[in-house]
Structures are given as structure tokens and as C-alpha cells.
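[1] here is a sequence together with a model predicted from it:
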Protein chains: 6
Amino acid sequence: MAGHGYESGRLNLPFVGICTFGKAPFQPNWDAIDADVAVLGAPFDFGTQWRAGARMGPRAIREASTLFSFGHGGAYDFEDDITYLPAETTRILDIGDADIVHTDTLKSHANIEFGVRKILEAGALPVVLGGDHSVNIPCINAFAGQDPIHVVQIDAHLDFVDERHGVRYGHGNPMRRAAEKPYVTGLSQIGIRNVSSTAKEGYEAARAMGSDIQSVRHFRKLGVDGMLARIPEGARYYLTIDIDGFDPSIAPGTGTPSHGGFYYYEILELIDGLAKRGTIVGIDLVEVAPDYDPTGSTSVLAAQLLMNTIGRVLYHRG
Amino acid sequence: MAGHGYESGRLNLPFVGICTFGKAPFQPNWDAIDADVAVLGAPFDFGTQWRAGARMGPRAIREASTLFSFGHGGAYDFEDDITYLPAETTRILDIGDADIVHTDTLKSHANIEFGVRKILEAGALPVVLGGDHSVNIPCINAFAGQDPIHVVQIDAHLDFVDERHGVRYGHGNPMRRAAEKPYVTGLSQIGIRNVSSTAKEGYEAARAMGSDIQSVRHFRKLGVDGMLARIPEGARYYLTIDIDGFDPSIAPGTGTPSHGGFYYYEILELIDGLAKRGTIVGIDLVEVAPDYDPTGSTSVLAAQLLMNTIGRVLYHRG
Amino acid sequence: MAGHGYESGRLNLPFVGICTFGKAPFQPNWDAIDADVAVLGAPFDFGTQWRAGARMGPRAIREASTLFSFGHGGAYDFEDDITYLPAETTRILDIGDADIVHTDTLKSHANIEFGVRKILEAGALPVVLGGDHSVNIPCINAFAGQDPIHVVQIDAHLDFVDERHGVRYGHGNPMRRAAEKPYVTGLSQIGIRNVSSTAKEGYEAARAMGSDIQSVRHFRKLGVDGMLARIPEGARYYLTIDIDGFDPSIAPGTGTPSHGGFYYYEILELIDGLAKRGTIVGIDLVEVAPDYDPTGSTSVLAAQLLMNTIGRVLYHRG
Amino acid sequence: MAGHGYESGRLNLPFVGICTFGKAPFQPNWDAIDADVAVLGAPFDFGTQWRAGARMGPRAIREASTLFSFGHGGAYDFEDDITYLPAETTRILDIGDADIVHTDTLKSHANIEFGVRKILEAGALPVVLGGDHSVNIPCINAFAGQDPIHVVQIDAHLDFVDERHGVRYGHGNPMRRAAEKPYVTGLSQIGIRNVSSTAKEGYEAARAMGSDIQSVRHFRKLGVDGMLARIPEGARYYLTIDIDGFDPSIAPGTGTPSHGGFYYYEILELIDGLAKRGTIVGIDLVEVAPDYDPTGSTSVLAAQLLMNTIGRVLYHRG
Amino acid sequence: MAGHGYESGRLNLPFVGICTFGKAPFQPNWDAIDADVAVLGAPFDFGTQWRAGARMGPRAIREASTLFSFGHGGAYDFEDDITYLPAETTRILDIGDADIVHTDTLKSHANIEFGVRKILEAGALPVVLGGDHSVNIPCINAFAGQDPIHVVQIDAHLDFVDERHGVRYGHGNPMRRAAEKPYVTGLSQIGIRNVSSTAKEGYEAARAMGSDIQSVRHFRKLGVDGMLARIPEGARYYLTIDIDGFDPSIAPGTGTPSHGGFYYYEILELIDGLAKRGTIVGIDLVEVAPDYDPTGSTSVLAAQLLMNTIGRVLYHRG
Amino acid sequence: MAGHGYESGRLNLPFVGICTFGKAPFQPNWDAIDADVAVLGAPFDFGTQWRAGARMGPRAIREASTLFSFGHGGAYDFEDDITYLPAETTRILDIGDADIVHTDTLKSHANIEFGVRKILEAGALPVVLGGDHSVNIPCINAFAGQDPIHVVQIDAHLDFVDERHGVRYGHGNPMRRAAEKPYVTGLSQIGIRNVSSTAKEGYEAARAMGSDIQSVRHFRKLGVDGMLARIPEGARYYLTIDIDGFDPSIAPGTGTPSHGGFYYYEILELIDGLAKRGTIVGIDLVEVAPDYDPTGSTSVLAAQLLMNTIGRVLYHRG
């Protein structure tokens, strides 16, 4: 009989094992977070205005992330000649999901905020998996009391609606809510394009409240370096990535897709530059809706981008 | 050149035309409902506890219903030797959807209730397309001030939770809310089975508040006539059909499927009997979630059942 | 109880309501078309040579178009700083579908032609939703008796077959049929590439009959302005968009996809230029086959492009 | 190095190899059909009235049929204790598809008829894979000049429309066309149910022209033997199986599904009885539409039923 | 601000949280298994003969199982009036997956056997999630040295091939391998039907080696009690469930579906009876292939059946 | 009656007929290969490390290739003004699949090698359809005894793992196995990017053993001509195309997708240049996994690329 694999460690192929983010250890005790990075799911989608299903985003991203957890001592990128996420020093935990209460937006948001606060209290970098973009609201809330932050948003939509029919905490409102915070020093809103839920007044209000709004075509004219130059240097960045900032060709699995979006390396290079230009202190990636992602392409994009982002953040932080 | 079809009327194949329910006329003016039956969409799904997407139920059911609108003067059923829904006398309107407000359960429910009240005021039979089962709550609310009703529920789940974590208007609560109404004289809860979200206390409370609870296996032992005999004769029935009362083999497209459910004719025969035994005064069909229905089988079931139900209600009403 | 939304108008989220194109009013009476733009479905697909299903194109495009009907007084494009489709002055109607007769190509085509003639008689801009590309044949037929037109085609395939096995009205024939018309002054055939159903003779015939044939790579070398310069200025343009002119990455849901196609902004910018360069007097968008579009990406592309096209046509027409 | 498998024959797993029906030899020369059974594809679907796509039926059925071609000397059925389709004596050929001409119903039908005539001339049993049910029309036409036949139809729909808007050869017409033939002595129409495209007049005409019409519920009351007793004994049967005669739970992949249909063994036992009661001289299986069959369940049903049917026909023929 | 949910425990909706089986605690240390039941994934599928993909079975079943983990103190079944899996006394662990080595069947099987042995050493009931049916081979191997067992198999296929082209450990071989064991006292093979990979000799060998072979139709004639009566009373049962024993209508997501299979309650009642008739000492559930299960119906069936089975095993064990 | 099509040849639409590659003649007798090109399927996928299903690749590619077999005397490319694959002189055969033995990697590989050797002995160009990338190992083995070859690999992954847990013939090993061959003079590894299964040591070993490694971004900086210049001129090239070298936007249907890949024309132009620069003596295209390709986009890409590649190889060979 062939010997079993446990004598010499496990091969641990991607399709094997429980789906935590990147197969990181699972820590359900939020008073015992001891890590550099803590991943929290925020499976909330009552804030959506067209297709729902982002509640399943955290599960899909976790599943996809197992593809990138080969565990060969880290993730070697031969173009950079760097091994990111070296096994011996990388401390990532998956702390599970915030408790979501159906029919109740405020209570669900409060539970998300509670989780992010726990991560910040532990001194770890919060990485939040949405859920719809409204989950950014409690994430930003959790930074109250912290040093000021500059918000960098990758998105097709401005999400700067103040209030409509009483709604202030839906997925069209988060950037407005963020801009209202005294500890948010400004916003870089990148990828905004074409038809949107925000009317002309929203754009004007955003600019008045400190936003730099750039479309995909603007970005391409500026180049990555030109875009980076418009973002305050040396700041603390909160990075919020709406997956619909990407082109529907690679990110079809989202509630409100918009054609004409970003490709993979455009944003990876922007984030790489951002990680060098200042300090990324919080991340959320939202609006992955697996029901519209039959090939898994969108979840793989989210996972691939987050793994590379976390690797670069940790590497450049030193 | 061949003559065009308008000289002699349209052939009007199922795949041709705008998708109202059964290709009925669309009446967006709710002060001008002049019909025997009015169909209202209630695309609300923030009340779900597992998979979302029931918000797209009304659209999917309307699309599927076009298959059953051949328009040959009615729907001839050779087994009954009856032409249901005869073209010359059938007056059905599709009045569109209730206005749904993302993040806001109470406001959305209020809008649904408003629509059902408008239908009742017009003297038409309300047929509401969910949305999740919580939309039954405003439907029942709209019957306040009307003569008493007996609720007949087809469902896998008891939906009799009083309150949990503050939630009283989710899709696990509607039958409890209904039972609390003074004008609800009783409930027949049919198809209830296996693992559920309702604990033992819920079953006891339901029985105490006037419910007759029957599983699929109970139903089969009783037979259709035996089941009908347990429902008060000559009453005004409100019929609420959760599509997950049916077996996942024919109704996979739903948020919380449960194996071991009903087949088509079992319920059609029950409804046929109900239409003869008393007066069906309101109908909702909920929990169709098209994202989980790639073949369209679930939407077709919902449409086929509703068309046949409406036909029988109108026929036996005389 | 929370107030319902009808006191202050409806929020009218994209997922709410009957699916007409852009939620425009539905006008089934073709003798009462009073609008600037009239949208007509042409759900015909017996002309296809590989995968069928384009008959469901009109329904899918209408459903997708509801995403772009936020109804905030128009569609504000911050890059152009223009609000297209301003609510107060935009008059679009959806007039439903042409009557299709199964097994009968000529009768179905005649019914499509009848509908387009009705739109033209009413002085509205016809926007026809296919169906396969053969529906362009009756569309062009309907322009008999009008001032001359120049056809601008976006497509992967030349569609210039004269006759094969007796077939003259399939989806490989429309540009040949158009070129034969005395009132068609020329054709710009853009996006043509790679393997195709048209043999060498077809290309030669097309050029001989007045076509300018440009591939995607040609287009990219020319640039949008260079391409526009090859199209007669100040003419009346009939715009026929085969969705397979786009790349399968964003338009997989079509019968005969061909890799190496256009991206979104390439064509939007071309159309924007065309709207400024002359008068667009007719539009069809064909070959959306939803059965091959599980993410909805293709339908969203069609809807997004048409909404932006109509907005630009109306805006530049003044 | 391990030895390759060709020394001792091939294992020939189901997923290996070119997809002919049951991996039977492919014979493209229709003048050289030398077999007991010849399988012909008829990928025509312009006769459909709702969802198209049956043109891909032959390919899907062939692919699914490879699951049932294990090639262990035959198909042993332990319940019957019979090895059907014994390798040494079974002579089945796949002769490919009839030539279909897009836009042209009559020419396509003529080509199907030509193929069936070739099979009959060769003395083989024709097994035709649809395509929509209109392909039955040329199949029956091909029996002109043969001894009389009795048609046994498994179907949800009566398909007995005479003519509507000029259509006489669509998928709602075949049984009417068959009943008109002098060499068709009668029809047994089994599985007919619920809403249909045939109006009351169609049922009356069918009975007047010699049909015995039985619903699924009738069939279940009669039992297989009771049903068989209503079919003329010792006759030559032409068996036409519309896959929508089966329940959508096992046959969702079809154009016009209808709930409340047959299960697998009900029809297998009927066919087994038929093979014993007389001579099955022709078979078509129609309306498999793979675009609506994401699990492959429908194609597997078609293939499994046909393999078992052919096995029983050959066995009982002796 | 609304209070967060942590003050009073979590609501813990099904769609929230990491996907272990039934949201049971995860125990990656196999030397620290302290539980009544231990769930092990065996994501191996190189033994399949048609469609692959069963390697993703454990993930899909775990995900589906979260629907059945409402956590209201147990799973109340009102038909039995029993609360199965009471929260206070139920000790289930998910120990993750066996290490699978691509290209290497023997090493992968050895790793599965190692995991089952660890569970048995800990005195827990092993519940193994396949993977293809070949994973049953190492499961049975792990029982060497234990008291004798009787194997109860639910399956469409006999899986009794001895050796073919050198293959002895594929998914067509496990029951033969089991029957060879001295500690396997007999087999009850239930659900076997129609075309199969096992030839006549296999059936004869099975019977000679102690198998009782019953088809679905046999089972229905016997009834649950009649079937139970054929299984030795008071024995130690090893239960192996191939999901293709169920009907494709509820279990389409499997590699080699076969029409005419079991429905849910037939097998639940059989297992309920088995749990009362003797001691179930090991369970595997195999051949769930999520790629062919777009609705999730198959995974839900597997999860629902396992939850109910474990509940009954623990309850009747006392 | 309309005449049937056989008098004047067949129209032979893409959706008609048996699915061999490009509808080429099928030659199951491997001792009778008389052709310029022979296509062999290698449906093996036990070498995969994440998602399986590449075993169905050959079938999907064959099916898709029928779209490109219009049969109008060849494939006219108007950009090149060349008719590739002229009907009168093109001799392509489909010889079916290598025999695959489940659970047995070495035997399956041996059978693939046997098939390629047969093709080479017949003097034809082998075109192998995977299957996972490990099938490249037997393909390269079959070139033992031939003149030296230079391997050109299009891929996202380096596939240069020597041995891990005993695995030497999985889909992460083929380029290492190739580099070890004395008759492999070097490798051009193109498209390699981002996170991968190969650790830093693998890259170093590859370079040491003669590899030129270029990422997608490197390729774009070099341009097609720059890239070609790095490949030895006038050599015999073996071209191995892992479909995941392409971007997931056009090739989602693969086991281990990686964002940031190639577009269609980039690789077509590279291959066109390669066909002019030397002699392509063998081709494999691997890792098409149709279960993740619901739109067919990936299979169409594989078929379109192979048809164009074969056309160019034959044309430039003269």
C-alpha cells in the first residue's frame, strides 16, 4: 500500500479543505485576533437597487481564494522578483462574518461596524468582503476616533446620493456618508462612467466636498502614475473596491454592471503604487454577486486582486 | 410579397410581445382598475434567510405566463371539458408592481398593502406575485375591514416565528402575523415538513392559535378530499402559495428549497376543490427566485398554476 | 405604520415594474404613435445558421434596459457634462413586437416591415430590437419611398451572400439585399473579421456595390475620427448593429460569436461622432441570444448602448 | 513505461470518442445503409411557438448516448435478466443529419423525408432525433407507399391544429397532418394535459378522425396494461415521442414544458408492452432543447429511453 | 444607533459564516477528535467514467448544509414530534478534507483511509463526503480490525466490477472490493437499475458473494418494511449512499445519472428504519458533482439527507 | 413539394451533422492515416489541481469547430486576402480520442503517446486536443527519435515543477519534463504571470535549462515582432497552448484561470509569425473545461484559433 501523505506534510491542493480566505486560520473569537490582517465577511445585500445576491459574495470569494493558496512558502511574482506573503512571517486570520439580521439594515450595519472595530482594536488591517456597497458605511464608521483617512474608491458609480425616499444607507449612498465624516480628508473616485444612479447634483456635491472624480478614460489618459499623482502622498488610505469598477468582461457577477470598465493590471498597478505612496489602513471589496458569475471569473478576480493587494501592502509596509 | 398579419388579427405567439401577466392589459393607473382580477407584483426580498433573488420573481412569472396566453378564445381543458378564461368574458388586468424602497422593509410593505387595498376597493380579486413570503404580511393587512377570511397556506415551512432578534416582518413570520388578526378565523397549513426554521414552540403556538398543520405525507394519506374536509366549508379563503411547498424537482428556483414536496396535480386538485368549496378572495404566490431556475421550470410552474387557479376561481364563482 | 411611497411619487427602482424598453410607455395602438422614438421588437430567428434563440432578444434587452431607467430627470454623463434623455422633453414609446409566424419567413418579415412603416409614417425614429440579422431586410424595405440612406453596419460578418440553396432572406444576406436598393447610397461595414460565411466573391461584390469594409484592426489603426472621415458627411444614416460586432468577452450571448471584436467605448464614440456628422434615421440592434448570456452581460450591453445612442441622437438633433 | 491499451482493445470509457448515437458506426453514404437500425438527426426548429433551440437536440442526444455505450457485450438489464443490444448481433448505424435550410421550412422537411425514405428503402428501422415536433410530418410522409401504420404519440400537447395564419407545418400541426394520411389507421395520443395550443375544436376533430386521447391521469387510472389494451393489437406502430410528454422535473430542456407529465418507467413499460404487442416500424423523439437543460438530464432521458426502446424492439422482433 | 447583535448572541442566518458541515466546529488536528460524529471530505474524482467534478462535492455539501443549521436548539420534526440534534448534547466536528494527490489514486486513497482510521480511533462515527464512489474503498479498508459490518448501498449502479484494463480502484469497483473483505458479512444493494457498467457476470458474482440486489421497482413492491426485513437485524451497518441512487429530478448534479431513481422520503424512511434495526457505524455519501447542479438541488438533498440521518442515528442510539 | 437539397449538394449549415473537428472525415483506423493534419483528442484530466472537467474539452472544441466549417471552398480572410484551408487541397482527418483509463495516469499517457506516434509515422501534423496540460508530456515523448524541437508555450503558468509529493506527471510538470529531453533545444514560455503554482526555484531552474520567460506585459512591451525575434529562427516548433494563457474574459472555461491574460489577435499574430519563421511540427491545445464555459466562448476561441493556426501552418508551409 502506498504511504499516506501525512508523514511529509500535506500537498494541500487548492480544491482540498475548508474555505476560509486563502485557507487562513479561522478565528471565531473576536477578542483573540492576533494578526497583521483580519478578513471579515459582510454578507448584506438589502441595499441593492437592481439584482441582489451579494450576500453570497464572501462565500464565493473565500472559495475562489483557495486557488491562490498553494502554500509553497509564499506567492512568487517573477515580474517583481518578490515572494509576497512569505509563509514564515505572514499572519492573516479569517474571522468569519458579521451577523446579518434580515429586514433590518441598521442592526446589520451595526454588527459590521462592531467587527471592524474589533479588528482595529487588535491592530490588524481590516479586509471586508461584501455584500453590497452599503457595507462601506459601517466600515468607515468604525474608523471614528482613528487618525484621518483618505478614501480611494474603484467603482463604476459615484454612490454619492444624499437621501432619496428616506434612504440614506443604501448602496448608492456610501461615498456621501463617508464625505460627511470629519476624519475623511478627501476622496479619489476612480472609474466612474456613463449612466448612473447619481444625478448631476451628486457630482457637484462630491466635488464640493472634496472628491476627485475620474472616469476610466480619464484614468487611461493620465496613466497610473498620473492618477497616483492626484492622490495625496503619504496619507492613510482607505481602499474601497466595488467590483463593478472592473469591466463586465471580467466581472459580470455583480448587481449593476456597467460596460467600459477597468482591466486587471490597471488596478493592480494603481494599488501597487498606492501601497508605496502611503499606508493602506482599511480595505473593502464589495458587490460580488455569485449568482451572476457562472464561470467563477468574478470571484477569482476578487480573490486574485485581494491576495495581491494584501501581499503588496504587507511587503511595502516593511 | 406575402401579406402581413394585421389584416386578420395577430397570431400572437407566446414569445411575441410585452410581458404582462398572461399578456393581460397593463393598467398603471390604480384609480382606474376595472376588472375581475388584478395582478400586482411585490418584488421584495429583504426578508429572506438564505438565498435572495425573489425580487425578480414577478418578472419571471410574467415572462413564463406568456406561454399560457395562446389566445384561442380561452384555455380548454379536455379532462374537465371546460374552456376556462373565455376571451369574451374574462377581465384580468396587470397593474404592475408595488414600489419597493431598498433598505426599508416597513415602507416597502406599506406600498404593497396600498396596492392590494386599491384592488380590493375596485372589487377585483387581488393576485400578488412575490417577492419573499413576508409580502404576505401587507397582503393580509389590506384585508382589515373586510369580512373574515380563512388562510390556506401551501408551504414547506410553518413561518410561524413570533420575533427573533427584533425581526417580526421577515419571511419566517407571516403566518404568525396573520393568526394575530381578528379577521383571520383560522389557518390550514399544508405541506409543512422536515427541518425548518420554526422550533417546537412555533408549532404549539400555531395550533393554539387555530392552525391545522399537515405534512405532504399527511396530505397523501388524507387524499385531496380528506384534506378539503378539514378546511371550513363556505368560507372566504385567502390562498398563500409558497413555491417551496412544491418539490425541488419542479420548483428548484426558490430561496429555501426542501425535498419531499408536492407535485403539480396534487395542488391543482386541492385548489380546484377549494374554488368549489367556498370563495377564494385573495391569492399570493411567493418565493420564486429565478436566479436558481436556469431551466425556467419554477416560473412555468408558478404561471401554469396561477392561470389554472384564476380560471377555476372565475368559473366556479359563476 | 410607515407612509407609503405614492404620496410623493415612486422611487421606481430598476427591478420594479413592467419591462418595456427603458420603462417607456407602452403603445399597442400603432395608429397612435406620438413620439420622437418608437421601439419595436422583431423576435424572428429562423434566419440563423448556428445557434438560435435571438427571438428572445427583445425581451432580454427590455429587461436589461430597466437598469438604465433610474428616472432622475435624465441620464447625466459627467464626462460630457450633458444630461441626455431629459425627462421633460424625451418622448419614447415602446410599441411592442411585430407579429411573427412560425415556419413562415416572408410573412414574419412583412409584419416587421409593416411596423417600421407605421413608425416612419408617425415621424418617429424606429429602433428595432432583433431577432437575427435578417430582420434588417424588412427594416430597410420600409425605407422605400423615403430619402436616400447610407447604411452603417457594426458586425463581425459581411452578411453579403446573394443566394445559396435558394436562401435570400437569411441572416447572411441582409447587406446584399440593402445594397440592391436604389435608395441605399452606400454601406460602411465595420468590424468585419476572420472566418466568415461570406466567400471572397462576396467581398468583391460588396466593394463593387459601394461598400467600405473595415476590420476591427483597421478601425483601431484609423481611430474613431479616421473611421468617421470615411463615412459620407451630412447623410441620413441607417445604423444596423449586430451585437457580434462586439468582442465575445462582453457579448457572448449571440448566435455566431467571433473573437477579436470591439469594446464598448469604441462603438459608443463612433456613434457619438455619427450623430454629430449627419442624421441617424433608423436603428436596429440584432442577434442578442439570451440563452447564451447567463450573466446578462450581452443584454446589458445592448441596452446600455441603445440608451446612450438614443440620448445622443436626440441631443445632437437639437 | 506502462503498456498502452491498444494491445488488448480499448477500454472506451463513455467520455472518450466521437459522438455518434451510442457510438455506433457513422455512415454518411445513404446509399450504403446496411443495418437493422439507422439513426438520423433532424435539427429543425423553425416550427416552434415559444422557446427555440431544438436544432441542437440531435447533438445533445448523441453526446448523452455515449454514457450508455459501455460496450461490455450489450446492455444487461437484471430486472428482465436479458442482455439487450448484444454486441455480436446488433447492427445500428448513425447516418448523420438531414440537410436543413435556414428560413425554408418546406425544403428542410423535404430533406428529412428523403433521409427517412432512404432508411426505409434499406429495410432498416428509422430512428429520427428532432428537432421540433414538425419533423414528424416528413417522417410520416416517408411512409407513403408502405403498409398502414398506427401512430402512438407521447406528448403533453395534442398537436392537432389544422391551419392558423397559414401555418400547416409547424410543431402544433403534425398529428393533424398524420391523421389525414390514408395509410394512418388511427392515433393513440397519450399524456395530453392542461393548457394547450389546441382549442376544443381540435379535440373534437381528432376524435372524429380516429384518435384515442388519454391524459397522464387517465393513463395512471388505466395502468400500463389498460392503456395497451386500447391500442390495436398486432399493428405496425409508428412511435412519436415528444419529450415534453415527460414531467419537467426530468425533461426541463424543451421548448414548451408542461407540468404534470410522465415519469421514466411509465413510458418504458408502455413501450416494452408495445414492442411485444405489435411491430414498431418507425420512431422519432423530438423537442429536446439543450439550451434549457444545463444538467443534461433531458438529453440523458432521451438517450436512455431510446437505447432501451431500440433494445426492446430488436429483442422482441426476434 | 441600533445595538449590534452580539449582546444577545448571534442570529446566525444560514447565509452567514464559514462553511463547515452544518456549521459544526472545525477541528484540523486529527489527534484531537472529541465528538460523536466526525465529518471528513474526500474530494477525489479520478475514478469517474463519464463526467468528473465530484472533487467539489464536499464543498458544495458543506455550503448547502448551512441551510439546515438554524441553531434553534435542534431540528424539530413535527411529524415525529422529536427534536433531533439537540444543541446541548450533539457533538459533531468537521475535520476538513483528506489530502488528495493529483494523478495518484493509491496515495489519495491511502490518505482517505488514514482519516477514517483517525475518526474510528477517536470513537466517533465517520461521515465521509465524496468524491466519487471509489472513495468507499479506503473507507471500508479503514474498518479492518473492527467488528464485522454489513454494507447497505443506495445506488443506481452495482459497482461490482472486479478488474478491467487493470482498473481495480475506480468508481465501478467498490462493492466488489468490499465483498472481498473478511469483515464484510454481506451487502444490500438497493436502487440498482437499467443500463449499467456492470455486465451479467457482475450480478452473478455479487449474488454469489452475498449480495441482495433490489431495484427501485422491487423496493416499491416490497415497501420500506419489506426491504428492511431483508437486511440482517441487529447488525453493524456501513451505509454508502451514491447520490445517483436518487432520481435525476432531485439529484441531477452527479457524474452518471440514471432515470427512474428514488425520491427523498423513500430513502429517509429506509434509513430511519435502519437506525432502529441495528447500528450504523459508518457513512459515506458520494458522487455529488456541483458543476451539474446549477440550482443547488443535489447538494441540498445530500445535506438534508445527511443532517436527518445523523439526527436519527444519534437519537436511536440513545 | 419542394425539391430536397441532395440534388445539388448539401448546404451543410454549422449546426447540422456529426461533430468531428471542423467536420473533417473521421478515421478510426490509426494505421490508415493519410492526411496533412490529424486531430487527436486526449480527454485526460486527473492531472488538475483545482477544477476538473478538461476531459470534455475535445468534445466541446469539436462541437464549436463546426461553426467554422462553412465549406465555401475554404476560409477567406479579407485582411490577408488569402483563402486558407482551400477545400480542394486541404487534407485534415479527425482520428478520434486516445483511450483513457480512469485512475491510471501512466496508462492513459501511454495511450496518448501511441496516438501521436501513429500520426507522426504517417507524416501528418499532430494536433492534440486536451485534456489538462499533463497531456503535453506524452505528446513530447512521442517526438523522441525525431529532429530536435523548440517548444513555444502560451500559458499563464510556468508548469515547471519537478516533483512534489511524488507527482511528476501532473499539469504543473510538463515544461520541466520537456526541458529534460535531449531533443528539446529550448523553450519560449509566454504569458506567464502573477500568482502561480511554481515557486521561485522553478523559474530559476527553467532559465537554467534554456527557457525564455515572458509575461503578458513583457509581450506587450516587446510587440509581436520583438517577441518573435527572441524565438530561434528556422527551427522546428512544437506549439503548446494552454487556454488559460488567454484572459478569463474570453477563456473562462478552464480549470485554473488567471486574470491579466492575452487577447485573441495577440496570439493569432504570434502564431502567424511563427508559421512564417520556422516549421510548426506539433500542436496541442489544452485545459478547455466546458463545465465552466456556459456561453461556449472558450470552446469557440479554441476552435477559431486552431482553424486559423492550421490554415496558416499549411499555407506558409507551401
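    Received, thanks. Numbering: from 1, shown residues only, chains lettered A, B, ... in the order given.
[2] three-state assignment of the residue most central in space within chain A?
    The residue lying closest to the centre of chain A (C-alpha atoms, centre = their mean) is residue A:285, at 2.2 Å. Using DSSP: H, G, I helix; E, B strand; the rest coil, the structure places residue A:285 in strand.
[3] which non-adjacent residue is nearest it?
    residue A:241 (4.5 Å; C-beta to C-beta, 6 or more residues apart in numbering or on different chains). For the C-beta atoms, the positions are set from N, CA and C on the backbone; glycine is no exception.
[4] right, and that neighbour touches residue A:154 too?
    Yes. Contact status for residue A:241 versus residue A:154: in contact at 4.6 Å, counting by C-beta atoms under 8 Å.
[5] show me whatever sits in contact with both of these two.
    Common contacts of residue A:241 and residue A:154, defined by C-beta atoms under 8 Å, 6 or more residues apart in numbering or on different chains, comprise residue A:267.
[6] can you tell me the SS state at the residue of chain A found nearest chain D?
    Proximity of chain A to chain D (C-beta to the nearest C-beta) peaks at residue A:294, 9.1 Å away. When classified by three-state DSSP, residue A:294 comes out as coil.
[7] got it, and residue A:265?
    Under three-state DSSP, residue A:265 comes out as helix.
[8] confidence score at residue A:87?
    pLDDT, residue A:87: 86.
[9] I meant to write residue A:318 there.
    pLDDT, residue A:318: 72.
[10] in three-state terms, label residue A:55 for me.
    Of the three states, residue A:55 takes helix under three-state DSSP.
[11] all strands of the stretch 151-300 of chain A, in order?
    Taking DSSP state E, counting those that start in this stretch as the criterion, the stretch 151-300 of chain A contains strands spanning A:184-190, A:211-214, A:236-242, A:279-286.
[12] who in the stretch 101-250 of chain A is up against chain C?
    Counting by C-beta under 8 Å from any C-beta of the partner chain, the positions of the stretch 101-250 of chain A adjacent to chain C are A:158, A:164-165, A:167, A:192-200, A:203, A:213, A:215, A:217-218, A:247-250.
[13] from those, list the buried ones, please.
    For those, a neighbour count by 16 or more other C-beta atoms under 10 Å in any protein chain shown gives the buried set as A:158, A:164-165, A:167, A:192-200, A:203, A:213, A:215, A:218, A:247-250.
[14] so where's the stretch 51-200 of chain A uncertain?
    Of all residues in the stretch 51-200 of chain A, those with pLDDT under 70 make up the ranges A:70-72, A:196-197.
[15] how about the residues of it that lie near chain F?
    Residues of the stretch 51-200 of chain A lying near chain F (C-beta under 8 Å from any C-beta): A:66-68, A:70, A:72-79, A:83.
[16] could you rerun that using 10 Å?
    Within the stretch 51-200 of chain A, the residues that sit near chain F (C-beta under 10 Å from any C-beta of the partner chain) are A:64, A:66-70, A:72-85.
[17] please go through these and note which also touch chain D.
    Near chain D, by the rule C-beta under 10 Å from any C-beta, you find none of these.
[18] just these: which are in helices?
    Assigned to helices by DSSP state H, the following of those qualify: residue A:64.
[19] what subset of the residues of the stretch 51-200 of chain A next to chain F is buried?
    Among these, those classed as buried by neighbour count (16+ other C-beta under 10 Å) are A:64, A:66-70, A:72, A:74-78, A:83-85.
[20] tell me the one of those nearest residue D:46?
    residue A:64 (41.9 Å; C-beta to C-beta).
[21] quick check: the residue of chain A closest to chain D vs chain F, distance?
    5 Å (C-beta to the nearest C-beta, to the nearest Å).
[22] residues in contact with that residue?
    Contacts for residue A:294 were tallied using C-beta atoms under 10 Å, 6 or more residues apart in numbering or on different chains; they are A:252-253, B:294, C:294-295, D:294, E:294, F:252, F:291-295.
[23] rewinding a little: so which of the strands of the stretch 151-300 of chain A is nearest residue C:299?
    Comparing those by their distance to residue C:299 (C-beta to C-beta), the top pick is strand A:236-242, with 21.1 Å.
[24] pull the closest one out as PDB, backbone CA atoms only.
    C-alpha atoms of strand A:236-242 as PDB (Å, rounded to 0.1, in the frame of the first residue of the first chain):
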ATOM      1  CA  ARG A 236      -3.600  56.800   5.300                       C
ATOM      2  CA  TYR A 237      -5.700  55.300   2.600                       C
ATOM      3  CA  TYR A 238      -9.000  53.500   3.000                       C
ATOM      4  CA  LEU A 239      -9.500  51.500  -0.200                       C
ATOM      5  CA  THR A 240     -13.000  50.600  -1.300                       C
ATOM      6  CA  ILE A 241     -13.300  48.400  -4.400                       C
ATOM      7  CA  ASP A 242     -16.600  48.000  -6.000                       C
END
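[25] for that strand, give the mean pLDDT please.
    On average, strand A:236-242 scores 98.
[26] and the angle from that strand to strand A:279-286?
    20 degrees (axes from the mean of the first three to the mean of the last three C-alpha atoms, to 10 degrees).
[27] now for strand A:236-242, which elements pack on it?
    Applying 3 or more C-beta pairs under 10 Å, 6 or more residues apart in numbering or on different chains; DSSP states H and E, we find strand A:236-242 packed against strand A:125-130, helix A:136-141, strand A:149-154, helix A:174-179, strand A:184-190, helix A:264-277, strand A:279-286, helix A:297-317.
[28] would CSV of those with distance to residue A:222 be doable?
    Supplementary listing: these in CSV, determined by distance: least, C-beta to C-beta, whole Å:
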stretch, distance to residue A:222
strand A:125-130, 27
helix A:136-141, 24
strand A:149-154, 14
helix A:174-179, 20
strand A:184-190, 10
helix A:264-277, 10
strand A:279-286, 20
helix A:297-317, 21
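[29] how about the contacts made by the residue nearest to the centre of chain A?
    Residues near residue A:285 by C-beta under 10 Å, 6+ apart: A:57-58, A:61, A:127-131, A:154, A:239-243, A:301-303, A:305-306, A:309.
[30] filter those to the buried ones?
    For the contacts of residue A:285, buried by 16+ other C-beta under 10 Å: A:57-58, A:61, A:127-131, A:154, A:239-243, A:301-303, A:305-306, A:309.
[31] that older thread, next step: the buried ones among the residues of the stretch 101-250 of chain A next to chain C restricted to helices.
    Among those, the residues falling in helices (DSSP H) are A:200, A:203, A:218.
[32] and the residue of the stretch 151-300 of chain A found nearest chain B, how many residues sit next to it?
    Nearest residue of the stretch 151-300 of chain A to chain B: residue A:291, at 4.1 Å (C-beta to the nearest C-beta). By other C-beta atoms under 10 Å in any protein chain shown, the residues close to residue A:291 number 23.
[33] cool, and residue A:236?
    Neighbours of residue A:236 using other C-beta under 10 Å come to 18.
[34] pretty sure it contacts residue A:277?
    No. Under the criterion of C-beta atoms under 10 Å, residue A:236 makes no contact with residue A:277, lying 11.2 Å away.
[35] where does the stretch 201-318 of chain A dip in pLDDT?
    For the stretch 201-318 of chain A (pLDDT under 70), the answer is none.
[36] got the residues of it near chain E?
    For the stretch 201-318 of chain A, the residues in contact with chain E (C-beta under 10 Å from any C-beta) are residue A:294.
[37] which parts of the stretch 201-318 of chain A sit against chain D?
    residue A:294.
[38] tell me the bridge partners for the residue nearest to the centre of chain A.
    Counting by DSSP bridges, residue A:285 is bridged to residue A:129, residue A:241.
[39] list the buried residues for stretch A:89-104?
    For stretch A:89-104, the neighbour count (16+ other C-beta under 10 Å) marks A:90, A:92-104 as buried.
[40] show the end-to-end separation of stretch A:20-34, please.
    Taking C-alpha to C-alpha, to the nearest Å, stretch A:20-34 runs 16 Å from one end to the other.
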